[in-house]
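Trainee: got a sequence here, can you model it:
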Amino acid sequence: TDVFGEQVGTVYTDDTGAYAFNNLPAIAPNESYAVSIVYTDASTQQALAGLVPTLSGQGDSAFDSSTDVAVSEADLSFDQASDTGLDFGFVPASVSVGDYVWLDDNRNGLQDDGEEGIAGVVLTISGPDGQPVMDIFGDEVGPVTTDANGAYLFTNLPTLPSGESYTVAIDYGDASTEAALSGLISSPAGAGASDVDSSTDSASTTANLSSDGAADLTLDFGFTVQAVSVGDLVWLDANGDGIQGAGEDGIEGVVLTLSGPDGRPVIDIFGNEVAPVTTDADGMYEFINLPTLPSGESYTVAIDYDDVSTQAALNDLVPTPSGRGDADEDSSTDSASTETDLSSEGSDLTLDFGFVPASVSVGNYIWLDLDRDGIQDAGEDGIEGVVLTLSGPDGRPVIDIFGNEVTSVTTDEDGFYAFVNLPTLAVGESYTVTIDYDAASTRAALTGLTPAAAGAGDIAEDSSLDSVSTTVDLSTDGASDSTLDFGFMTAAVSVGDRVWFDSNGNGRQDVGESGIEGVVLLLTGPDGKPVTDVFGEMVGAVTTDANGMYVFENLPSLPASQSYTVTIDLTAASTQDALDGFVPTLSQIGSSDRDSSSGSASSNADLSQDGSSDLTLDFGFAVQSATGGGSENSTTTTTTGMTTSDTDGGTNGGGADGGAAASSATGGAATNSGSSSGSSSGTNSGTNSGSDGGSSGARSSGAGSSSAGTAGNATRASGSGGSTPLGQVTGNTSNAAASVAGSTRSASSTGGSGSARTGTSGSVSLGAAPSGSGSRSNMAMTGTGVATSLTVGVILLFAGGVLVLGQRRRRGER
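Mentor: Numbers count the residues shown, from 1 in each chain. You can find the predicted model right below:
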């Protein structure tokens, strides 16, 4: 109660903040008055909204602040005493944020015992609008730096409405921060409770900072040593292209090891030796927590093939081709080194390893064996276009390591071929390569060729036949058998046989008939020209040996319709010596391998295949003789080096097919009947009988006509000294002696028809050849011409004797 007895009420500060309680009774010296702010008063609440008492007792009592209650300290025991030191200071309400920056040794993102703070890290703060913050005193809040314990705190921050927040960020641009965090990176964020876990580069408050004194001390920042990682994938490269393709699965269970730039095991950022890792179910692997490396240095990952897990996972698999594409998709070989810069936090996840089933290959070379020795020699070229097929140990088509059936291959322009990507085989098993002769390409490539001799030398250089099996062990990856070569040579044939003395003149080679040595023979091809053999050499003449044998060898094969021709070289001195006194015997009398050919002979056998031959081209010769006697025989002449012809194309007195004019030798007797038609100087019939020394060519006319071409019957005998023009004889002749030789003896006859005796020397003129055709027993005379020109050695045999048509030339005579 004041001095006036009135209750002292509340007072309000004026516009200057001053207030006073007046007319208070004096009090004892040891007593005091207490002043307090009525915070429940609406006016007070309005006046002090957002304000809080400032610090108290900070100076002289006349100037410092009291808290919510101020007690007078002056002596108020006398009149007019006063105490004006009861001040109340207020400041805006404030909050604080901050906490801790530390080294997260175990990289778990949590503050663990023993993990120390990091001094010197500079941090900044921004308000809800992202702008710098003005503190309660109106000053911009500057950066703060962690102390020796890694603690930091932003204070005197204005309160915020609920839902708003401050944001603290590490100032990495500050030199102090760079030094403090060198080699470190942020730990994982949000790993646990907010007061012990880590934030990343910046953190925002989450506490309610709307009231004075509120604080958010959960904005911690953990850092750990920088680390890198390397790894990626081990996979089954289904198509073998060295690239990770869609649908290609990883390989589980492969063990991999890591080494550093020095080739030694790596110590991770926690001080532990990096252990091997094993691919997971998807084939993935990774080495983590590796220290960073200086630029230019690398880690190396290698597959541990000695590990039983790896051996099981990669059984029968081998690395696929490496470096076929981008580093993150292609394959490395057994080991791979990082190429990414790992000088700062990061990773190299490009160290992939692709695998394919183990494979082998077979093949090699098809060549033209020029010297026919079965060996690949320098200068012998390969043959392009030959198709080959492959079969497995069971004789069936082969399925390659990618699951595809192995198709045929064709030799390239150099003659090489190869079957690749073949599965390995058990020891002792083999693949078989076969030439596909049915392929059009093969037929074209090997036309006129035949396989060379097989197994003639070293297996890597010699020839195989139509098919060949591998001999190399193909049980391990990469094994190859490149010895399956096929040599081909030009198909070669031969022709020839024998030149012999036909002692009985029957045109057949009989037992005991000897060969004629020294006869020279020539060969011509289907075009009539000399032949080039399979070695490219001109085929020369050959000469019969002591047994009369001859052969032309190494001749190119011929189409079935073509033939070679062998001719006796009558101009060769050796031939002339060998055949002096001989004339060709009968030709084509028996089987081709035993009878005689004429002066030239053509092959009749099929010479289209290698090794085929025609050894039927024989030439028989008989002794040349002018007289003789014996049983009736007839023969045909061969035309070896000779020509018998008439102007109308007929032959008289001898032909290549054995047609011969009949002749009688002195002292012989024979009955030959025949018929001839054609033109004659007259028609004669009846019988002429010549007496000893009798008529010379007398004729008597019988039935018949003298018209040309009308046949008559006649018996003619030449008397002693008589002469009859040969060209005027036609008709059926019985017991006649007729010669078409250049010089002969005329026969005289006596008595009845059919008996001829030796007469005196006479001549028969060659005259005009008879026209017409006739037949006789064992002889033939054909012709329609009027002239016959003969050369050496055309003969007629009758009754075992030999008569020569035309005068034999002497040696050297032309």
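
Trainee: could you pull out the helices for this protein?
Mentor: Listed in chain order, the helices found in the chain under DSSP state H are 42-47, 175-180, 308-313, 440-445, 573-578.

Trainee: D510 against N504, yeah?
Mentor: Yes - contact between D510 and N504 holds when scored by Cβ atoms under 8 Å: they sit 6.5 Å apart. Heads up, the C-betas are built off the backbone N, CA and C, glycines and all.

Trainee: if we can go back for a sec, in a markdown table: the helices of the chain, plus mean pLDDT and mean neighbour count.
Mentor: Rendered in a markdown table, the data for the helices of the chain read as follows (pLDDT from 0 to 100; neighbours: other Cβ atoms under 10 Å):
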| stretch | mean pLDDT | mean neighbour count |
| --- | --- | --- |
| helix 42-47 | 91 | 11 |
| helix 175-180 | 96 | 15 |
| helix 308-313 | 97 | 15 |
| helix 440-445 | 96 | 15 |
| helix 573-578 | 96 | 16 |
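
Trainee: and those helices as CSV, adding distance to G395?
Mentor: Putting the helices of the chain into CSV (distance: least, Cβ to Cβ, whole Å) gives the following:
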stretch, distance to G395
helix 42-47, 107
helix 175-180, 76
helix 308-313, 33
helix 440-445, 21
helix 573-578, 58
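
Trainee: what's the closest of those to D527?
Mentor: Minimum separation from D527 across the helices of the chain (Cβ to Cβ) falls at helix 440-445, 23.5 Å.

Trainee: ok, and what's touching the closest one?
Mentor: Residues lying outside helix 440-445 but in contact with it, judged by Cβ atoms under 8 Å, 6 or more residues apart in numbering, are I383, E384, G385, V386, V387, T410, T411, I435, D436, Y437.

Trainee: closest to G540 out of those residues?
Mentor: Closest approach between the contacts of helix 440-445 and G540, by Cβ to Cβ: I383, at 29.4 Å.

Trainee: could I get the phi/psi values of the closest one?
Mentor: Main-chain torsions, I383, degrees, to the nearest 10: phi -110, psi 120.

Trainee: one step back: farthest pair within the contacts of helix 440-445?
Mentor: Taking Cβ to Cβ as the measure, the contacts of helix 440-445 reach their widest spread between E384 and Y437, a distance of 16.1 Å.

Trainee: these two: which has the busier surroundings?
Mentor: Neighbour comparison, E384 and Y437: the larger count goes to E384, with 16 against 11 (by other Cβ atoms under 10 Å).

Trainee: distance-wise, check the more buried one relative to A444.
Mentor: 10 Å (Cβ to Cβ, to the nearest Å).

Trainee: and what of A238?
Mentor: To A444, A238 is 37 Å away according to Cβ to Cβ.

Trainee: tell me the contacts of the nearest residue to P25 once chain neighbours are set aside?
Mentor: Sequence neighbours aside, V3 is the residue nearest to P25 in space, at 5.5 Å (criterion: Cβ to Cβ, 6 or more residues apart in numbering). The neighbourhood of V3, defined by Cβ under 8 Å, 6+ apart, consists of N23, L24, P25.

Trainee: neighbours of the last one, how many?
Mentor: Summarising burial for P25: neighbours were counted as other Cβ under 10 Å, giving 12.

Trainee: just checking, Y564 touches V531?
Mentor: Yes - here Y564 reaches V531: they are 6.9 Å apart, a contact under Cβ under 8 Å.

Trainee: any residues in contact with both of the two?
Mentor: L523, T524, G525, F552, L555.

Trainee: correct me, but Y12 touches S43?
Mentor: Yes - here Y12 reaches S43: they are 6.2 Å apart, a contact under Cβ under 8 Å.

Trainee: which residue ranges of the stretch 51-200 of the chain form strands?
Mentor: For the stretch 51-200 of the chain, strands defined by DSSP state E, counting those that start in this stretch occupy the ranges 51-53, 69-71, 90-92, 94-103, 122-126, 144-145, 151-158, 167-170, 184-186.
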